[in-house]
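1. The sequence isn't on hand, but the structure is:
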């Protein structure tokens, strides 16, 4: 590897990657989204879901699935017990942001956790820090300036602590439902422009975590005829390629809450497109079907489900990481390194 990446950042990324330099990471830093899954499975309001459920569920997922992952992404609110139960070879990424956003304020503005700092996350054992940002390039300039300043501040904090900074970009549009056909048509451009923006050196991001540039529910397939699709398979592959080419940083794909089968299909398209992705940070596509098992049948039943279905899911994702490139290749290709 060439370039001038600091020793701390390099050490952190090495701790998160497998022996091939690919980051095959498990994500379970969900908080509000996990509460919603528990609420649906239990029939109770999300705000009445016991905190103990979140903690125990994360512990079981970490213990049983991290032997099959190079790292795990957790939150410091409910995930530290799970962090201690991870496999000894699995690295740790900790989330820095408040889960979700205030729907009463425009722009889905981000916030860091109250009383938390990058240095504190480091003390808690983090090999890297992750921040999630909802981003729409066409939002009002003032909104995006605030978001860009927020990312810049975290980047500076990570430089000071000498720890890798992972930025998770969640694409949306101020005037569209993200599950709609209208958004599916806009998503490729939104993803591409967001990647271009946050690869700029001023943000000091080390790794991007991004959704795939298409809505997989609208890609032509055996079950979705061309008449009902937004993208042909060839068009989807082109969008994957263009988003990959826009990235000058290592990037990972997130599963965006889709099924394991759908996420694997997306990885197949990425491979066919020749995308230079450096791995995955995959969450719900691996473990979400275990939530009703846990809620309705208990922890022991969840363990059984994870040992069979959960392991099968994560191995299925890992089996499709053959086309992934080592994170160091992307860093080395940047003039001057990072």
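-> Received, thanks. Bear in mind the structure is a predicted one, so any value in this text is a computation, not a measurement. Residues are numbered from 1 along each chain as shown.
2. Which other helices and strands does the lengthiest helix in the chain contact?
-> What stands out as the longest helix in the chain, according to DSSP state H, is helix 141-161. Packing partners of helix 141-161 (3 or more Cβ pairs under 8 Å, 6 or more residues apart in numbering; DSSP states H and E): helix 118-123, strand 128-135, strand 165-171. Backbone N, C-alpha and C define where each C-beta goes, glycine included.
3. closest to residue 107 out of the ones you listed?
-> strand 128-135 (8.2 Å; Cβ to Cβ).
4. rewinding a little: what's the angle between the longest helix of the chain and strand 128-135?
-> Computed by axes from the mean of the first three to the mean of the last three Cα atoms, to 10 degrees, the angle separating helix 141-161 from strand 128-135 equals 180 degrees.
5. Now mean pLDDT and distance to residue 44 too, for the helices and strands packed on helix 141-161, in CSV please.
-> What follows is those, written out as CSV (pLDDT from 0 to 100; distance: least, Cβ to Cβ, whole Å):
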stretch, mean pLDDT, distance to residue 44
helix 118-123, 98, 31
strand 128-135, 98, 26
strand 165-171, 98, 27
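6. Strand 165-171 and the longest helix of the chain, what's the angle between them?
-> Here helix 141-161 runs at an angle of 160 degrees relative to strand 165-171 (the same axes, to 10 degrees).
7. Including distance to residue 327, could the helices and strands packed on helix 141-161 go into JSON lines?
-> JSON lines is the format used below for the helices and strands packed on helix 141-161 (distance: least, Cβ to Cβ, whole Å):
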{"stretch": "helix 118-123", "distance to residue 327": "20"}
{"stretch": "strand 128-135", "distance to residue 327": "11"}
{"stretch": "strand 165-171", "distance to residue 327": "11"}
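8. possible to save the ones you listed as TSV with mean neighbour count?
-> Below are these laid out as TSV (neighbours: other Cβ atoms under 10 Å):
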stretch	mean neighbour count
helix 118-123	18
strand 128-135	23
strand 165-171	24
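9. buried stuff in the strand or helix carrying residue 263?
-> For residue 263, the host element (DSSP states H and E) is helix 260-273. For helix 260-273, the neighbour count (16 or more other Cβ atoms under 10 Å) marks 260, 262-267, 269-271, 273 as buried.
10. can you check stretch 310-324 too?
-> 310-311, 313-314, 316-318, 320-321, 323-324.
11. Repeat that for stretch 182-197.
-> Within stretch 182-197, the residues that qualify as buried are 183-184, 186-195, 197, counting by 16+ other Cβ under 10 Å.
12. Could you give the bridge partners of the closest residue to residue 108 other than its chain neighbours?
-> Leaving aside its sequence neighbours, residue 108 sits nearest to residue 134 (Cβ to Cβ, 6 or more residues apart in numbering; 3.8 Å). Per DSSP bridges, the residues bridged to residue 134 are residue 170.
13. Let me know the distance separating residue 134 from residue 170.
-> 5 Å (Cβ to Cβ, to the nearest Å).
14. which regions of this structure lie under the pLDDT threshold?
-> Judged against pLDDT under 70, the low-scoring parts of the chain cover residues 1-3, 332-338.
15. all helices in it, in order from the N-terminus.
-> Using DSSP H, helices in the chain cover 7-16, 32-42, 51-65, 80-84, 118-123, 141-161, 181-198, 233-246, 260-273, 284-287, 290-297, 299-305, 311-318, 327-332.
16. right, and those - which one's nearest residue 212?
-> Among these, the nearest to residue 212 by Cβ to Cβ is helix 260-273 (4.6 Å).
17. So which other helices or strands are in contact with that closest one?
-> Helices and strands touching helix 260-273, as assessed by 3+ Cβ pairs under 8 Å, 6+ apart, comprise helix 233-246, strand 251-254, helix 284-287, helix 311-318.
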